[in-house]
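A.B. asks: Quick check, what structure comes out for this input:
(one chain, ligands or ions: 1)
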Amino acid sequence: MNIPFRREDALVPGEVETIAPGVRRIICDNPSAFTFRGTNTYLIGTGSSVAVLDPGPVDEAHLAAILAATSGETITQIVVSHTHRDHSPGVQPLKKITGATTYGHGPHVTPGEGGDHSFIPEIRLADGETADIGGRPLTALFTPGHCGNHLCFALDGTGILFSADHVMAWSTSVVSPPDGNMRTYMRSIAKLRAREGIDTLYLPGHGPRLPDPMPFLDGLAAHRQKREARIVAALREHGPSTVEALVGPVYGPLDPKLIAAAGRSMLAQLIMLEEEGAASRDGDIWKLD
Ligand SMILES: [Zn+2]
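C.D. replies: Numbers count the residues shown, from 1 in each chain. The predicted structure follows:
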């Protein structure tokens, strides 16, 4: 089963896209191999109560774009999906200007690259908790895996789910240990899959929207299972191996920029096999059990 990726996205930094009544998107100019065309910032609500979901990195132009898009309105809340450096560091400068209340699951707890340790939410949202965000009911769904404190948010009654970096139309998610965890990621995929009929449009943290998300979730799950089978086959064929030695046989030719990330993803899958009792390691050498 192939994942039905979507990469077409006409939005450019500085422009505002209206997605639904009270839901707008702007994009930060921080493109990369991991952020695609940049971080999506969503504005929820209008007028006297606007919430900013994921202000992005510290970026003056993007901060100015957020303020310009809400000119004449009041930003009262800042919501964070997860504490990666391309999503949450922009909270502090925005809060300084607006005094808005901050929301998130909790601080970043694991050391490691990419984590933003500066963000500590004033209001912590637990799994399943519904808060009034931008005058609308928004329900937090704890979806760890890509990041240990990752939340998706359902805009109740609309079919919209802000899927952040857990599910994106343009690419699979990076799952990088120790903060990234493949077992919890797969559980978080299953958790969203169980919401069939409730969520009909995903709005991701990068790239374009994702309509018809259920077949996409099936594709993501099948993709990781296929990868796992390839890792098991490579270990069987080559015997005990390091992650570095397995990247080639499992992934085939790769853009050099993506080799390190592929290794992290592979490590995440090996740790899952270890947690399931199917593999073990001696130092950096992995083997099947
Ligand atoms: Zn992320």
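A.B. asks: Which helix or strand contains P144?
C.D. replies: P144 belongs to no helix or strand when assigned by DSSP states H and E.
A.B. asks: Per-residue pLDDT of it, please?
C.D. replies: pLDDT for P144: 98.
A.B. asks: Next up, the contacts around it.
C.D. replies: Applying C-beta atoms under 8 Å, 6 or more residues apart in numbering, we find P144 in contact with 150, 181, 184-185, 188. Just so you know, the C-beta spots here come from the backbone N, C-alpha and C atoms, and that holds for glycine as well.
A.B. asks: host element of T18?
C.D. replies: Going by DSSP H and E, T18 is part of strand 17-20.
A.B. asks: what residues does the helix or strand that comes right after that strand touch?
C.D. replies: Scanning forward in sequence from strand 17-20 by DSSP H and E, the next helix or strand is strand 23-27. Outside strand 23-27, the residues that touch it by C-beta under 8 Å, 6+ apart are 11-19, 37-44, 62, 65-66, 69, 155, 158, 160, 203.
A.B. asks: how about the residues of the stretch 101-250 of the chain near the ion?
C.D. replies: D165 (C-beta under 5 Å from the ion).
A.B. asks: mind listing the helices for the stretch 101-250 of the chain?
C.D. replies: Secondary structure of the stretch 101-250 of the chain (DSSP state H, counting those that start in this stretch): helices located at 182-193, 213-238, 243-251.
A.B. asks: Might you report the residue contacts of the residue most central in space within the chain?
C.D. replies: In the chain, the residue lying closest to the centroid (C-alpha atoms, centre = their mean) is D165, at 1.3 Å. Each residue near D165 by C-beta under 8 Å, 6+ apart is listed here: 81-82, 84, 87, 146-147, 150, 173-174, 204-206.
A.B. asks: do that again at 6 Å, thanks
C.D. replies: Taking C-beta atoms under 6 Å, 6 or more residues apart in numbering, we find D165 in contact with 146, 173, 205.
A.B. asks: What separation do you get for it and T200?
C.D. replies: 20 Å (C-beta to C-beta, to the nearest Å).
A.B. asks: The nearest residue to R264 once chain neighbours are set aside and S163, how far apart?
C.D. replies: Excluding the flanking residues, the one nearest R264 by C-beta to C-beta, 6 or more residues apart in numbering is S176, at 3.9 Å. Remark: distance between S176 and S163 (C-beta to C-beta) = 18 Å.
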